[in-house]
Each structure stands twice: as structure tokens, then as C-alpha cells.
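Participant: just need the structure, nothing else, for what follows:
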Amino acid sequence: MVSSSSRVKNFTDGLTFVRSNENVDIWAMSILCVVIFLVCMGLVMLSSASMVWALRKFGEQNYFFKRQVIYALLGFGVMAITSQIKIASLRKLTLPILLISFIGLILCLTPLSTSAKGASRWISIGFFNFQPSEMAKIGIIFYIAHSMGRKAEKIKSFTVGFLPHLIVASIFALLCIKEPDFGSASLIMILCFVLLFIGGTRLGYILASIVAMTPVAIAAIAFSPYRMRRLMSFLNPEKDILGMNYQINESLISIGSGGIWGKGIGGGMQKLLFLPDAHTDFIASIIGEELGFVGIVCLLILFGIIVFSGIKIAFRCKDLYSMYLASGISLYLGLQTAINLMVVMGLLPTKGMTLPFLSYGGSSLIVNLFAVGILLAVAKQNNSTNSNPISEVFGEVK
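Facilitator: Below is the predicted model:
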């Protein structure tokens with residue numbers, strides 16, 4: 001029997017622990033906890049979604065799961081290191097990241113690239129296929145944050161505050177379109193315009209650029225039979241359900257059959273070779289089937305926590321560069337999630353865009369965890385307590 005004095009002592013000790021940890025950054029800790037949970041959830045769902053396809057293609061049902069575990073460990077290592085880099089050192093990474101992304105995108109247009117389903121988006125590095133467009137999204141955020149931080153007083157100038165950013169983003173977007181990767185190109189341009197708007201660029205410049213680019217986008221679709229078929233299929237989802245609309249129809253069947261609570265992990269049927277890319281771009285469909293409407297809503301809440309916490313971190317930043325960087329990373333994670341979920345629900349034409357932290361893919365997972373490490377670094381150095389949740393959980397990285 002526990003005495004009342006022991007209960008009082010335990011309660012007092014608990015209060016002391018809470019008081020001693022009041023300085024923990026709640027926003028950074030929220031991001032860290034949610035990301036760890038999402039990666040673990042992704043491993044579970046990936047295992048469920050990929051077993052049949054892995055067994056058929058490689059003769060080993062855990063093929064994709066084992067590789068994703070390695071990518072996750074590498075990604076967490078990158079995140080831990082990045083989270084402790086000084087802001088000044090992060091800023092020095094702008095040019096290297098831009099150059100690596102640019103060279104990678106150029107190499108994707110050469111015979112050195114690795115192709116799949118008609119797209120050349122990968123560079124083979126040993127057992128790992130690197131996707132430069134993933135790093136290009138982060139590179140654009142770094143560049144715009146760095147540039148706008150330096151040009152704060154001239155941000156309303158067309159030739160200084162707007163045009164250079166538009167040119168660099170457009171070059172990266174055009175290289176992505178050539179792969180082809182229309183989804184990444186669109187995300188790069190959206191990030192560019194949103195960050196410029198946050199920075200105080202004249203809204204007229206942004207709207208005029210969007211109007212000027214619209215004919216280019218229309219031409220890019222009209223003169224590409226593949227993109228035109230995708231657009232027409234999106235506008236007529238009930239047609240060609242065994243052809244161009246096969247994947248999205250199977251995705252909707254998967255999500256719809258899950259109902260409110262889902263069929264339970266492992267209970268889905270669409271992963272039995274009915275739904276293409278069930279473990280990559282369309283893993284949200286399997287989540288909807290096996291975890292139901294509740295699972296999708298929880299997913300939205302978790303990503304909402306990441307974006308909201310990231311914006312809160314951005315709002316308290318002491319310098320413009322940190323604020324733009326944190327805002328860009330938060331928007332990047334939120335926009336990519338939104339686009340992926342809208343695609344699997346038939347609200348956007350099909351694009352090859354992963355669901356952050358959950359879809360199979362080394363480039364996507366490692367780059368996304370690198371991005372989270374940047375958010376944590378910004379949070380640490382703009383918090384009066386200078387606390388780092390990585391250090392709280394894993395200890396200092398030497």
C-alpha cells in the first residue's frame with residue numbers, strides 16, 4: 001500500500017520535472033514528435049502496401065521495407081546533424097545546394113539518368129537512386145530566403161526584388177518539366193510566388209507573371225500528347241477506366257472501401273496488384289483503405305501540426321533570413337502533402353509526387369528529414385532558451 005506521503009512526494013517530483021523542462025521549445029518538439037511518428041507509421045504502411053509487389057518483382061516481400069528502414073536511419077542522422085548547424089553556416093549552404101540541384105537536373109536529361117515509366121528523374125548512385133528535383137525544391141527555398149534577406153529594402157523593386165528570383169525558379173521548373181516532372185515544376189513556382197508574397201513583393205508583379213506563364217503552361221500541355229491525355233482523363237474520370245483513368249479509379253475504390261474505420265492494417269485488397277504505385281505516390285490510398293476516413297483525418301491533423309508549428313517558429317525569428325527559411329520549409333511540406341492527397345482523391349491530375357515521410361523513396365525521405373532538421377535549427381537559434389529537441393531526445397551530436 002502506497003502511503004499518502006509517498007504520493008505527495010511523487011506528485012512534487014513530477015511538478016519539479018515539469019518546471020525543469022519549461023524551457024523545452026514546444027513547437028520544435030511538436031514537429032520532432034510528429035515526424036518520428038509519421039516515419040514509423042510510413043514504415044508500417046509501406047510494409048503492408050509493398051509486400052505483394054516486392055515478392056513478385058524481387059522474390060522478397062520485405063525488399064522495400066528494408067531499404068526504407070535504411071533511408072529512415074540515414075535521414076534521421078542527417079536531421080540530427082542539420083538541426084545543430086548555425087544559421088550562418090546554413091546560409092553558406094545556399095550555393096552548394098543550388099549547384100548540386102542544377103547539375104543533377106541537367107544530368108537527368110542525359111543518358112546518365114535512370115528512367116521509369118517514361119520519366120528520367122533519377123541519378124543512380126550505387127544502390128541509391130537520387131532524385132535531384134527533391135533537392136531542387138529545398139534549393140529554391142534556400143536561394144529565395146537568402147536573397148530576400150539581403151534585399152529587404154529593395155524587395156518591391158521589379159529588377160532587384162522580383163525578377164532574379166523568378167528567373168532562377170523558372171530555370172529549375174523548366175528543367176523539371178523536361179524530365180518530365182510537371183508536379184515538381186509547379187511546386188517550385190508556387191513556393192517562389194508564395195515566398196515573394198510573404199517577403200513583400202508587389203502583388204501586381206506576381207499576378208502579371210502568372211498571367212504571362214499561363215499560355216506557356218497551356219502550350220506545355222497541348223503539345224505533349226501524354227499530358228493532354230492526363231488532363232482529358234482528369235476532366236472525364238468516368239471514361240477509359242481501364243486505361244489512363246485506371247490508377248485514379250483504383251485509388252478511389254481503395255479509399256472508398258475503407259469506410260469510416262478502415263479494414264485494419266494488412267486487410268486492404270488494392271495492394272494485391274490492383275493499384276499501381278501503392279507503396280509510393282499512392283500510399284495514402286492504402287492508408288484510407290486500411291485505416292479509413294479516421295486515418296486520413298488523423299494524417300491531415302498531423303501534417304497540420306507540422307505546418308502550424310513551423311509557421312509559429314517563423315513568426316518568432318529574429319532575422320528575415322530565418323523567417324523566410326522556416327516559412328518556406330513549412331509551406332513546402334504542407335503544399336506537397338496537399339498536392340499528393342488531392343491527386344489520390346481525384347481532385348488534381350495524376351502527378352509523380354510523394355507523400356512526405358510516408359511514401360517509399362530514399363531521396364524524398366532523406367530530403368524531407370533534412371528540411372525538418374533546418375526547421376529545428378532555426379527554432380533552436382531563435383528561441384530565448386536555446387533548447388534543441390534533438391538534444392533533449394538523442395543527446396548532442398559530436
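Participant: neighbours of Gly59, how many?
Facilitator: 8 (other CB atoms under 10 Å). Glycine gets a C-beta too; all of them are placed from N, C-alpha and C.
Participant: with Leu99 instead?
Facilitator: Neighbours around Leu99, by other CB under 10 Å: 11.
Participant: check which residues of the longest strand along the chain are buried.
Facilitator: Counting residues, the longest strand found in the chain (DSSP state E) is strand 119-125. Neighbour counts over strand 119-125 (16 or more other CB atoms under 10 Å) mark 119-123 as buried.
Participant: distance between whichever strand or helix holds Gly304 and the chain's centre?
Facilitator: Applying DSSP states H and E as the criterion places Gly304 in helix 283-315. On the basis of CA atoms, centre = their mean, to the nearest Å, helix 283-315 sits 12 Å off its chain's mean C-alpha point.
Participant: list the buried residues for the very next helix or strand once past that helix?
Facilitator: As assigned by DSSP H and E, the chain's next helix or strand after helix 283-315 is helix 320-344. Using 16+ other CB under 10 Å as the test for burial, helix 320-344 gives 320-337, 339-341, 343-344.
Participant: go on, stretch 254-266?
Facilitator: Residues of stretch 254-266 classed as buried: 254-255, 257-258, 262, 265 (neighbour count, 16+ other CB under 10 Å).
Participant: now the helices for the stretch 51-200 of the chain?
Facilitator: Listed in chain order, the helices found in the stretch 51-200 of the chain under DSSP state H, counting those that start in this stretch are 63-82, 87-92, 94-107, 132-150, 163-178, 182-199.
Participant: next up, the contacts around Ile311.
Facilitator: 326-327, 330 (CB atoms under 8 Å, 6 or more residues apart in numbering).
Participant: and these, which is closest to Ile140?
Facilitator: Ser327 (13.1 Å; CB to CB).
Participant: tell me the contacts of the closest one?
Facilitator: Each residue near Ser327 by CB under 8 Å, 6+ apart is listed here: 195, 198, 310-311, 314.
Participant: now do Ile329
Facilitator: 138, 141, 310, 371-372, 374-375.
Participant: likewise His279?
Facilitator: When contacts are taken as CB under 8 Å, 6+ apart, His279 is in contact with 46, 49-50, 53, 64, 271, 286, 359-360.
Participant: repeat for Pro356
Facilitator: Shown in contact with Pro356 (CB under 8 Å, 6+ apart): 38, 303, 333, 336-337, 340, 364, 368.
Participant: dump those residues to JSON lines, plus distance to Pro111 and pLDDT.
Facilitator: Formatted as JSON lines, these follow (distance: CB to CB, whole Å; pLDDT from 0 to 100):
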{"residue": "Leu38", "distance to Pro111": "37", "pLDDT": "97"}
{"residue": "Phe303", "distance to Pro111": "38", "pLDDT": "97"}
{"residue": "Leu333", "distance to Pro111": "33", "pLDDT": "97"}
{"residue": "Gln336", "distance to Pro111": "29", "pLDDT": "95"}
{"residue": "Thr337", "distance to Pro111": "34", "pLDDT": "96"}
{"residue": "Asn340", "distance to Pro111": "30", "pLDDT": "95"}
{"residue": "Ser364", "distance to Pro111": "24", "pLDDT": "93"}
{"residue": "Asn368", "distance to Pro111": "29", "pLDDT": "97"}
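Participant: just want the angle from the helix holding Gly304 to helix 182-199.
Facilitator: 20 degrees (axes from the mean of the first three to the mean of the last three CA atoms, to 10 degrees).
Participant: packing partners for the longest strand of the chain?
Facilitator: strand 113-116, strand 128-130, helix 132-150 (3 or more CB pairs under 8 Å, 6 or more residues apart in numbering; DSSP states H and E).
Participant: which positions in the longest one come out as buried?
Facilitator: In this case it means helix 132-150. 132-149.
Participant: quick one: Leu55 from Ile286, how far?
Facilitator: 16 Å (CB to CB, to the nearest Å).
Participant: who's more crowded, these two?
Facilitator: Using other CB under 10 Å as the criterion, Leu55 and Ile286 rank with Ile286 on top: 29 against 13.
Participant: and that one, what does it touch?
Facilitator: Counted by CB under 8 Å, 6+ apart, Ile286 has contacts 45, 48-49, 254, 268, 270-271, 275, 278-279.
Participant: can you rerun that using 7 Å?
Facilitator: The contact partners of Ile286, by CB atoms under 7 Å, 6 or more residues apart in numbering, come to 45, 48-49, 254, 268, 270-271, 278.
Participant: who wins for most neighbours among those?
Facilitator: Ala49 (32 neighbours).
Participant: which ones among the buried residues of stretch 254-266 lie within helices?
Facilitator: Mapping the buried residues of stretch 254-266 onto helices (DSSP state H) picks out 254-255, 257.
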